[in-house]
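1. this is a predicted model, with the sequence first.
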Amino acid sequence: MRKIVLFSLAIMLVLPSCSSRKEEIVRMISLGAREKSVECPVAYSACEFYVYADEYINSRDCTPIDYEAEILDEAAWLSFADNGLHLIGKTGSGPLRMSLDANTGVRRSARVVLRAENRTDTLHVKQEGVYREYVRLTGEYPVVPAEGGTYEALVQTNVLPSLLKVSGSAGIDAWEMSHNVVTFVIGPSASRDRRNLTLSVSTVDGWGETVSGNVTLQQEPGK
């Protein structure tokens with residue numbers, strides 16, 4: 001009888017329990033690129049992103065997956081080297097090549113989106129221009145009296161007026177831009193000290209960077 005009990009215990013130790021859990025399967029999609037942005041020269045050129053597009057099971061087994069790539073912005077100057085503006089059926093990790101026309105204007109950029117199942121990633125292609133946007137403000141300004149006054153600044157720029165934004169620091173109460181002239185009003189000063197007032201005219205270039213021109217005036221202290 002003792003031998004039968006021992007033999008039964010040995011079987012229980014060797015055989016897996018019916019209630020034991022199986023290893024949970026964890027699936028992960030990897031989609032993206034080493035660099036999120038690439039800068040290209042003015043001339044006709046090509047660029048590429050190294051894209052990762054893989055599936056991992058329990059962080060071990062790696063299998064290539066299909067993904068698609070699409071140019072989001074209206075950018076006739078940019079295309080995929082493989083085929084047009086929208087790629088379907090790219091598989092696995094590797095270079096995603098793009099072609100750019102020569103640029104005869106200012107800096108420009110476009111977004112490229114990657115999609116695989118429920119994952120997305122956005123990349124940016126930037127191309128240098130033969131010239132850049134600029135904004136300059138000119139004018140001769142004496143020290144502003146404590147009671148304030150109305151002044152003008154001449155705007156020199158190669159940007160359309162509709163793309164310009166005017167702003168002023170505290171103390172500049174109002175402004176208006178007509179053609180290439182900004183008229184602005186400085187209010188009375190309540191400060192015991194001279195204060196600096198700054199008027200700014202700015203735009204955002206094709207790379208998303210702010211370009212601005214500024215004038216700084218001094219105002220006499222209030223009485």
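-> Great, that's in hand. The structure displayed is predicted, hence computed values, not measured ones.

2. okay, now the domains of the protein?
-> As given by automatic domain parsing, the domain ranges for the chain are 25-127, 135-219.

3. which of those has the lowest average pLDDT?
-> Mean pLDDT is lowest for domain 25-127 among the domains of the chain, at a mean of 89.

4. about what we covered before: in CSV, list the domains of the chain along with mean neighbour count.
-> All C-beta spots, glycine's among them, are computed from the backbone N, C-alpha and C. Formatted as CSV, the domains of the chain follow (neighbours: other CB atoms under 10 Å):
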stretch, mean neighbour count
domain 25-127, 15
domain 135-219, 15
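
5. next secondary structure after the host helix or strand of S167?
-> According to DSSP states H and E, S167 maps onto strand 165-168. Counting by DSSP H and E, the next helix or strand C-terminal to strand 165-168 is strand 172-178.

6. what's next to the helix or strand immediately after that following strand in the chain, contact-wise?
-> Toward the C-terminus, strand 172-178 is succeeded by strand 181-186 as the next helix or strand (DSSP H and E). Applying CB atoms under 8 Å, 6 or more residues apart in numbering, the contact partners of strand 181-186 are 137, 144, 148-155, 166, 168, 171-177, 197, 199, 201, 217, 219.

7. work out the gap between strand 181-186 and the centre of the chain.
-> 33 Å (CA atoms, centre = their mean, to the nearest Å).

8. show the subsequent helix or strand relative to it.
-> Next along from strand 181-186, by DSSP H and E: strand 195-204.

9. neighbouring strands for that next one, and are they parallel or not?
-> The strands beside strand 195-204 in its sheet (DSSP bridges) come out as strand 165-168 (antiparallel), strand 210-219 (antiparallel).
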